[in-house]
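Engineer: quick one, fold the following:
(chains A, B, C and D, ligands or ions: 2)
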There are 2 protein chains.
Amino acid sequence: MSFLYSKSSEYIIRALVYLSNIDKEEYIMIKSISEHTNIPHPFLSKIFQKLAAKKWIISKKGKRGGVKLIADSSKLTLMDIIEWSDGVKDFSQCIFGDRECGDIIPKHDNSVWYPEKQSNCILYDKCNRFKAAIIDFFSNTTISEFKEHNSLFRQ
Amino acid sequence: MSFLYSKSSEYIIRALVYLSNIDKEEYIMIKSISEHTNIPHPFLSKIFQKLAAKKWIISKKGKRGGVKLIADSSKLTLMDIIEWSDGVKDFSQCIFGDRECGDIIPKHDNSVWYPEKQSNCILYDKCNRFKAAIIDFFSNTTISEFKEHNSLFRQ
DNA sequence: GAAATTTAGGATAAAAAAGTCCTCATAAAA
DNA sequence: TTTTATGAGGACTTTTTTATCCTAAATTTC
Ligand code: SF4
Ligand code: SF4
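Structural biologist: Ligands and ions are numbered 1, 2, ... in the order given. Okay, the predicted model is just below:
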């Protein structure tokens, strides 16, 4: 089902949701996370290097080391993660082409999004309801909403 | 904006929309289509080979040759194209993971889609509204809806 | 029939995404 | 202080996607 974002983004989401369900005092081994979330260990290590640079997690080397979530999971949205990992998506562009759709500046500040100005394309309303649904879902779903949602992971 | 399907699918959609706006009696050169739709010519040629095998278009070699849409553009949906080009997406799978979301069999027979049975995941309602929006848009948008929609293309 | 044009088809290349491996640095525990 | 565990970081490999090239076949026009 990951045709909405890269495999990397999907992994980040899974890993961070997993971390957010863990006691914040503990450091969790990447190896353990990779096993529970079914993400290849070397690949996940790379991801955590970048997540640490981004300061969404901190890591500790050596015995009893691992990683720990420090970002506020109730403020961390899927949009934050996907845009950071895959790049910012320009919703003012046409879904099907390499051209502008209209004078649209998406606002995804955690509020439902509506276009500011309509273009004169036949499909404008239909496309924008669709775009709005995507922006709404991604920018209004936070990592903390998955709390206790262990069914995502292997036990 | 093409993070919903592959570049190939985007190209196919653009090319077929372009063709559907053309007098059905004419054969159109792939070179001309590639220029108007801004798709690399050799790549588009490959695409049309497969489209011809799929019988959505027919082609003619030689002088005054080219391609012509024969599929019924009012029945040809974005879902048809994307699933054929990128592979069938299983909407019963979790958006974020490699597991089932629930006993969901999506029906995208051009009717709005609703889940048959709820899983017990916390995010179920939210995710399924989102999935439904995607399935709805893709399976209820046809190539013919872009008729006269020349703003997609170079003049 | 010859010349010109246009798609078909196979081979190949380039770029991007996904995944792996090895060594080093660091920290805890023995 | 030594041993052991664990992430950091760089180089590398594989796979998938996107894109190109070349020759053959077909069709029209001359
Ligand atoms: S309305 Fe839809 S089809 Fe028209 S330009 Fe915007 S995104 Fe493209
Ligand atoms: S409801 Fe959403 S998060 Fe839960 S299993 Fe289904 S797709 Fe995954």
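Engineer: show me what from chain A comes close to DNA strand D.
Structural biologist: Residues of chain A lying near DNA strand D by Cβ under 7 Å from any atom of the strand: A:28-31, A:42, A:45-46, A:48-49, A:52-53, A:59-67. Every residue, glycine included, has its C-beta placed from N, CA and C.
Engineer: got a quick PyMOL command for the buried subset of the residues you listed?
Structural biologist: In PyMOL, a selection of the buried entries from those looks like this (16 or more other Cβ atoms under 10 Å in any protein chain shown):
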select buried, chain A and resi 28+30+45+48+66+67
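Engineer: filter the residues of chain A next to DNA strand D down to just the ones in helices.
Structural biologist: Secondary structure from DSSP state H places A:Ile30, A:Lys31, A:Pro42, A:Ser45, A:Lys46, A:Phe48, A:Gln49, A:Ala52, A:Ala53 of those in helices.
Engineer: farthest pair within those residues?
Structural biologist: Distances among these were taken as Cβ to Cβ; the most separated pair is A:Lys31 and A:Ala53, at 20.4 Å.
Engineer: hang on, the earlier thing: want to throw the ones in helices among the residues of chain A next to DNA strand D into a markdown table with pLDDT and distance to ligand 1?
Structural biologist: Formatted as a markdown table, those follow (pLDDT from 0 to 100; distance: Cβ to the nearest ligand atom, whole Å):
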| residue | pLDDT | distance to ligand 1 |
| --- | --- | --- |
| A:Ile30 | 97 | 40 |
| A:Lys31 | 96 | 44 |
| A:Pro42 | 97 | 39 |
| A:Ser45 | 97 | 39 |
| A:Lys46 | 97 | 34 |
| A:Phe48 | 98 | 36 |
| A:Gln49 | 97 | 37 |
| A:Ala52 | 96 | 37 |
| A:Ala53 | 95 | 35 |
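Engineer: what's around the single nearest residue of chain A relative to chain B, how many residues?
Structural biologist: Nearest residue of chain A to chain B, counting by Cβ to the nearest Cβ: A:Ala133, 3.9 Å away. A:Ala133: 19 surrounding residues under other Cβ atoms under 10 Å in any protein chain shown.
Engineer: for it, which residues are in contact?
Structural biologist: B:Arg129, B:Phe130, B:Ala133, B:Ile134 (Cβ atoms under 8 Å, 6 or more residues apart in numbering or on different chains).
Engineer: only the buried subset of these, as a ChimeraX command please.
Structural biologist: Buried members of the contacts of A:Ala133 can be picked out in ChimeraX with the line below, counting by 16+ other Cβ under 10 Å:
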select /B:130,133,134
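Engineer: give me the subset of the contacts of A:Ala133 lying in helices.
Structural biologist: Among the contacts of A:Ala133, the members found in helices (DSSP H) are B:Arg129, B:Phe130, B:Ala133, B:Ile134.
Engineer: what is the nearest of these to B:Phe96?
Structural biologist: Nearest member of the ones in helices among the contacts of A:Ala133 to B:Phe96, counting by Cβ to Cβ, is B:Phe130, at 11.6 Å.
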